[in-house]
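> what shape does this take:
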Amino acid sequence: MAVDSKVWFITGCSSGFGLSITELALKKGDKVAATLRKPEVLSELASQYPETLLTLRLDVTSPSEVVSAFSASREKFGRIDFVVNNAGYGIVSEVEGTTDRTARDVFEVNFWGASHVSREAVRFFREENKPMGGRLLQISSLSGIQSSAGCVYYCASKFALEALSEGLADELHPDWNIKVTILEPGPFRTKCPTVNAVTDPVHPAYTDPELPTMQWRGMLSNPNSVFNGDPDKFAEAVYNAAYLEDPPLRLPVHPRSLTVFRNKGKELIEAADKWESWSEGVFIKD
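Below you'll find the model as predicted:
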């Protein structure tokens, strides 16, 4: 193990991005505190890396469990350099057909869970690390930039994560040496859109097969046709971003993400130009 190896704290490590990032960091010689609801899922990996992998049970919706997990990581490794906010899941439903319970639950994990981890990460980087500093890597989505039919509440939870992360990055004192990067993956082949998703019944008003929500549901019956990104390649992007001296606030990863970024930017500029006159004369006259 390299003397200057870094320490990672990663949420949602049972599969997908979380597992891929964990495996890559360990192969590179770093240490990992891998958190998940069922640590036994990683028992084989833990036996391969007994000194550098710590598996911890964590429900990110519980602030006390988040604090305990960070404390256990400090006990094992002494510090934490990189925190990856990855835990989350998807929703397939029309807005009208989404139950309040389903909508609130996805926010509890995708937004509030990430918020709990983010706040403890910043405190830990500033008050526990010697010297202070660290990198907070938020796994958002192109769905946090552009909402889409059939998964609106999932998109809304990612929009909220975007706002939290952007504002948090602006609040941090430069002397703390804490950097925030929002990673924006496109359609990668993880379990998020299928196995790790809640699917509510079709709302009766939206059964027309030509409607976007029904097309989205139909596409999910053969997700590999769209979800073509390799999670291991995304893990490489996360790993490399963590080590950047001056990381970007946002990092799109996938051609589809790049398209969404460019279209959204163009749309906003066009709206500002077209409706510019509506902002004239809005000031209070003293």
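
> for the protein, where's the lowest mean pLDDT among helices and strands?
The helix or strand of the chain with the lowest confidence, counting by mean pLDDT, DSSP states H and E, is strand 197-199 at a mean of 86.

> that one: which residues count as buried?
Residues of strand 197-199 classed as buried under the neighbour-count rule (16 or more other Cβ atoms under 10 Å) are 197, 198. Backbone N, C-alpha and C define where each C-beta goes, glycine included.

> tell me what it is packed against?
Applying 3 or more Cβ pairs under 8 Å, 6 or more residues apart in numbering; DSSP states H and E, one finds that strand 197-199 makes contact with strand 90-92, helix 100-107.

> pLDDT averaged over the first one - what is it?
Just to be clear, that refers to strand 90-92. Predicted confidence along strand 90-92 averages 92 (mean pLDDT).

> ok, which of the helices and strands packed on strand 197-199 comes nearest residue 242?
Among the helices and strands packed on strand 197-199, strand 90-92 comes nearest to residue 242, with 24.8 Å by Cβ to Cβ.

> in its sheet, which strands sit next to that closest one, and in what direction?
According to DSSP bridges, strand 90-92 forms sheet pairs with strand 197-199 (parallel).

> quick one: contacts of the partner strand?
89, 90, 91, 92, 93, 102, 105, 106 (Cβ atoms under 8 Å, 6 or more residues apart in numbering).

> ok, which pair from the residues you listed is furthest apart?
Distances among the contacts of strand 197-199 were taken as Cβ to Cβ; the most separated pair is 92 and 105, at 13.8 Å.

> which one's more surrounded, these two?
residue 92 (21 against 17; other Cβ atoms under 10 Å).

> that one against residue 151, yeah?
Yes: counting by Cβ atoms under 8 Å, residue 92 does reach residue 151; the two are 6.1 Å apart.

> okay, and the common contacts of these two?
Here residue 92 and residue 151 share the contacting residues residue 216, scored by Cβ under 8 Å, 6+ apart.

> check contacts around the most centrally placed residue in the chain.
Geometric centre of the chain, nearest residue: residue 139, 2.1 Å, by Cα atoms, centre = their mean. With contact taken as Cβ under 8 Å, 6+ apart, residue 139 is in contact with 17, 84, 85, 86, 88, 183, 185, 238.

> that one and residue 11, how far apart?
Going from residue 139 to residue 11 by Cβ to Cβ, to the nearest Å gives 9 Å.

> try residue 80
According to Cβ to Cβ, residue 80 and residue 11 sit 12 Å apart.

> residue 23: helix or strand, and which one exactly?
Per DSSP states H and E, residue 23 falls inside helix 16-27.

> in the stretch 151-286 of the chain, which spans are helices?
Counting by DSSP state H, counting those that start in this stretch, the stretch 151-286 of the chain has helices at residues 152-171, 212-219, 231-242, 255-274.

> how about those in CSV, adding distance to residue 116 and mean pLDDT?
Formatted as CSV, the helices of the stretch 151-286 of the chain follow (distance: least, Cβ to Cβ, whole Å; pLDDT from 0 to 100):
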stretch, distance to residue 116, mean pLDDT
helix 152-171, 11, 97
helix 212-219, 30, 88
helix 231-242, 20, 96
helix 255-274, 26, 97
